[in-house]
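> Next come a sequence and a model predicted from it.
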Amino acid sequence: MTQYEAVIGIECHVELKTKSKMFCACPNRFGGEPNAHVCPVCLALPGALPVANEEAILQVIRAGLAFGAEIPAFSKFDRKNYFYPDMPKDYQISQYDMPLAQGGVVRYWLDDGTTKECRLTRIHLEEDTGKSTHAGSGDGRIAHSSYSLVDFNRAGVPLMECVSEPDIRSAEEAVGFLDALKRTFVQLGVSDVKMEEGSLRCDANVSIRPVGSKDLGTKAEIKNMNSFRSVSRAIESEIARQIAVVAAGGRVVQETRGWDELAGTTHSMRSKEEAHDYRYFPDPDLVPIEVDRTVVERLRSLMADLPIARFERYRGSYGLGVAQATQLVDTPQLAEYFDSCVGAGGGGQQAANFVLGDLSRLANETQTPVWESSVAPQDLAELIGLVQSKTINSKIAKDLLLRMWNGGGSPKALVEHEGLAQTSDPGSVERFVDEVLAAHPKVVADYKAGKTNVMGFLVGQVMKQSRGKANPALAGELLAQKLG
Amino acid sequence: MSEAMELSAAEIARRVNAGEVSAREVTDAALAQIDAVDDRLGAYLTRLHDLARVSAGRVDARIKAGEHLPLAGVPVAVKDNMCLAGTRTTCGSKMLEGWVAPYTATAVARLLDAGAVPVGKANMDEFAMGSSCENSALGKTCNPYDLGRVPGGSSGGSAAAVAAYEAAIGMGSDTGGSIREPAAFCNLVGFKPTYGRVSRYGLIAFASSLDQIGPLARSVEDAALAYDVMAGKDPMDSTSVDRPVEPAATALRSDLRGVRVGIVKQFGTQGLGPEIDSLYRRAYLDLEKLGATLVDVELPTAEYGLATYYLIAPAECSSNLARFDGVRYGLRVDGEDVGRMYERTRAEGFGPEVKRRILIGTYALSSGYYDAYYVKAQKARTMFGADFKRAFERCDLIASPAASSPAFAFDAKSDPYSMYMMDYYTIPISLAGLPALSVPCGYVLPEGSSRPMPMGLQLAAPLFGEAQLLAAANAYECATQHARQRRPEGAL
C-alpha cells in the first residue's frame, strides 16, 4: 500500500498591538461597546482617506528581521476588492506584490527537542475587518438569520499576514511552527497573539503525496481553527480525509474547507471556481513606502535573542531539559531573569531549578512576577554560590529564598549576620550527634536491632538541633560511626 | 440684484475687513440672489440659508475682534461632493440623496476658516462623472449665458452659481477637466492646482489619483485668493504634498515679458471650425502682444489621453464607489439576502454613466485583463509626464483650448464618446498631474443660435508652477477683459 506524507503551508493573521488603528487615529483596543472606536476613515464614510500607521510598518519590519527576511527598499499598499458587510470600504487595503518582508526562515522545536525549519514566503501588512453578528437564526449563523449587526471597532486594526512555504509535514510540526511565531511575536511585543481573542488567526493549506514524491498534491485550505489544539486536530483530520479519498480511487479537489470543532471534521466551504477575483491594484490614496536602510539596520541591531536561539543555548550550554527550556523561553521576562542570574555566576541547571521551582511557586502564591520581586537575579546567583560552596545546605537555601522574597536582601549578608553557615567542623557536629543519641535511646536500640531506616530520623534530629547548620552528610557519617 | 453681488471676492473681503459692510449683509445679498434666480438656474441642490447666516455672524464677530480674514464674508458655492458637516452631501446621486455629512472636508474647512461663507451645495454630474451636469440625478442646471445650454461639468453647479452672481467663489473638483470645462462654458476662471496641492480629505472620491479641488471665480485674482487659502499639506491626506505654497494672489503680473508659451502641435484648433480656430489664434497673439514668446512644442502621446484616462479613472472609481453598498449609509433597497440588497441598492442608486464607468473599471482590473489595460494605461501615464517634462524644457507655460466647443444644448451629446471628447485638451494635463486653468478668451456663436457663448483658454504650467501660472493668466485677463464684455442674462 502507498504511504503518504502531508505537505502543509500555514497562513496566519496577527493583529498588531499598536496605539492606533492602521489608517486612522482610532484606538486599537480589543472589546468596548460596539462601534465606539470608529471615525469617518474606519467607517469608510464618503470622502475619508487612509493614512498609514508608521508604528505598524516598523513592527512588521521587525517581525521580518526576526526571521531573517529581506526588507525591500520599496513597498506599497494595494486594494483587494470584494464586497462584504463588515468590510466598510468593500475593499481591504493590503499588500499584493510588494510586501514589507520577503522570505526568511522560522526555526522551531518539537516536544522531543528536535529543531525544524520552515521557510516564509512573505510577511505583509493589511487591515482587519469589522465583526458581524447574525441574529434570528437561533445559532448565530448567517443562514436563516433575519438580520445582522456589524461592529466596526475592529475594522482597520493593523493585521500582519505571515505566509509560509509548504515545508511542514505534520500537525505536530504545524503547532511547533505556530508556537515559534507566537513566542517570537510576544517577545518582539508586536502582538498579544491570542487565538481566543482573535489576535492570531490561521489557515492551513494541506495536501498529501506519496512518500518520496517531489510533486505537490492538490491542496485544500482549512479555515475556522480557533486554538492550537484545533489546528492540530483539523490538520490530522484533513490528512486522514485526503488519504481516504485517494485510497478509494478519488481525487482531492482544490477548495476551501471549514473545520467543525464539534464534529471533528472539515467540510467544504467553496471550490476554486467560486474563488473571488480580487482585482488587486495599487491604492492611489496611499503613497508608496520607501524603507530607510538606516532604520532597518538600527532595528536589526536592537533585535534581542530570539526564542529559538535561547532554547538552543539553554539546551546546549546548560543542559536544560526540553520542558524547562521551553518554560523559560515562553516567558521572555523570566528568561531574561534567568540569563541575568546565570550571567552573575548562578550555574544554569541550579538557576533553572530555582527560577522554575521555588521562585515560580512564590510568584504564584504572591501574584508577583519573579522579575518584579525583591529577589534580584544577582542575589539568586549569590544564593546558588553559597549552596555550591556548601556554605549552606539546600534547606537553609529555601528558607533564605523566602526571606529574600520578603525583602531580606543579599543572602551572604543574611548568612553572615545570622550565623547560618553550614557547620562542617567535625567537633561541633559531633556534639550535636552525641546530644541526639543521648536523647533518643529507643531509636538507638531500634537501629542496633537492625532497623537502619531510622538513620534518616536521626540525621533530621541533628539538623534540628543545629538549627539547620550541620552539614547533613557529615552528620550521617558521624552517626553511623557512633552506632557502628 | 444687489450691487454687492457683482463685487469680486477680493473686494468683498476688503470691505468686510475694513468694516464697510458686514459679512451678514453680503450673505443676505447672496441668499436673495439665489432665491431670485436659482429656481430657473438650478445651480444649487441645497441652499444653506441658516448655516450661511450663522457662519456670517461668526465672521463678523472675528472681524470685530480684530482679525483679518483673507476671504472675509465671501459667499462660496461648495460642490456637492465635498463634505460640510451638517449639510446634505449628495454627489448628485440618488445613492446619497439624503446623506448628511458628519464632518467637513479639509479644503472647505480652510476656506471657511479664512472667512468664506457657504451659501449652498452646488449641483454636479453624478459622482463627478460627466461634462455637462446632465448626469446629475437630482437636478438640472442651466448655463446662465443661455438657459437652453449646459453649464458644463462636472462642477457645473459651482460654475453656474458664480457666473450668475449667486456666489463669488465656487469650489470645484477636477479629475479630467471638471473645473476647467465648466469655467470655459460659464465665462469664468477655473483653476486646477497640481495634484496633491489641495487636500482631498472629505472630497468624495471619483478617481483618487486624479481628483483635485480648485476654485472657480470671476477673476484670476479671486481664484488665486481662494487657492492660497486651500493649498498646503494636510496630515489627513497622504497624497497631499508637503512643500511650501508660494502665495499667488500677491504675485500677479500685468505682462508676460520673458515668458515662453508653448503651442502644442497635437492640440491644434483647425478641426474645431474656422470661428473657434481664429479665436484661439487671436488669443495666442494676445499672449505674444503681452511680451510672451510663442514656441512650438510637441506632446506625441497626447492622442492617447482619452484612452488612458478612461481606463485609469474607471478602474479607480470601480473600487472607490464600492462602499456605496446600502450597509452603513445612503440608499438601501432591501433584498432577500445581502447580495440581493447590494444589487438592488446599486442598481437603483447609480445612474447610467456611473454604472458604465464601474463596469469599464471592473473589467480593466479583472484578472487576465489587468496587464493589458490597467498596467498599460499606467505606463502611458508615465509617458505623458515625460512628454510634458520635455515640452517644458522649451517653454514655461502651455496654451490650448480648454474645451472643444462652447456650451452645447441639453441632450445634444447623447453618445458618451462625443461627451468624452469635450475633455480632449484637459485630460492629458490631468494625467500628468499638472496645474492648469481656463481663462475667458472670447465668444463664438453656436450654430443656429443668436447668443454668443464664452470660450476658455487653457494655460498649463509645470508641477507646482501655480504662482507663475496665475500670474500669467492675470496678465492675459487684465489685457483682454473678455469676461466683462457680456453679462449672463440668466443672472438678471
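Done, it's in. Numbers count the residues shown, from 1 in each chain, chains lettered A, B, ... in the order given.
> contacts, neighbours, all on C-alpha from now
Will do.
> Quick check: phi and psi on residue 263?
All of this is about chain A. The phi/psi pair for A:A263 (degrees, to the nearest 10) reads phi -70, psi -20.
> wrong one, chain B
Backbone torsions of B:I263, given as degrees, to the nearest 10, read phi -110, psi 120.
> Can you name the helix or strand that the most centrally placed residue in chain A falls in?
When CA atoms, centre = their mean is applied to chain A, the residue found nearest the centroid is A:R183 (3.4 Å). Here A:R183, judged by DSSP states H and E, is contained in helix A:171-188.
> List the contacts of that helix.
Contact with helix A:171-188 is made by A:8, A:10, A:62-63, A:66, A:106-110, A:118, A:168, A:191-193, A:228, A:231-233, A:235-236, A:306-308, A:329-330, A:332, as judged by CA atoms under 8 Å, 6 or more residues apart in numbering or on different chains.
> Listing partners with orientation, what would you give for whatever helix or strand comes next after it?
Next helix or strand after helix A:171-188 toward the C-terminus (DSSP H and E): strand A:200-210. According to DSSP bridges, strand A:200-210 has the following sheet partners: strand A:4-15 (antiparallel), strand A:220-225 (antiparallel).
> now strand A:200-210: how far from the chain's centre is it?
The chain centroid and the centroid of strand A:200-210 are separated by 21 Å, computed with CA atoms, centre = their mean, to the nearest Å.
> Could you do stretch B:4-16 as well?
The answer for stretch B:4-16 is 22 Å, by CA atoms, centre = their mean.
> Do me a favour and average the pLDDT over the helix holding A:R183.
Average pLDDT, helix A:171-188: 95.
> Could you tell me which residues of the stretch 1-150 of chain A lie near chain B?
A:40, A:44, A:46-52, A:81, A:83, A:85, A:88-91 (CA under 8 Å from any CA of the partner chain).
> Enumerate the residues of the stretch 301-450 of chain B near chain A.
Residues of the stretch 301-450 of chain B lying close to chain A by CA under 8 Å from any CA are B:316, B:319-320, B:322-323, B:327-328, B:338, B:362, B:365-367, B:370.
> Can I have the buried ones of these as a PyMOL selection?
Buried residues among these (16 or more other CA atoms under 10 Å in any protein chain shown), as a PyMOL selection:
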select buried, chain B and resi 316+319+320+322+323+327+328+338+362+365+366+370
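> Could you tell me which of the residues of the stretch 301-450 of chain B next to chain A belong to strands?
Judged by DSSP state E, strands contain none of these.
> With adjacent residues omitted, what lies nearest to A:Y280?
Nearest non-adjacent residue to A:Y280, counting by CA to CA, 6 or more residues apart in numbering or on different chains: A:K80, 4.9 Å away.
> same question but for B:F388, I mixed them up
B:L299 (6.7 Å).
> That neighbour: how many residues sit nearby?
Neighbour count of B:L299, defined by other CA atoms under 10 Å in any protein chain shown: 20.
> I'd say it and B:I263 touch.
No: B:L299 is beyond contact range of B:I263, at 10.1 Å (criterion: CA atoms under 8 Å).
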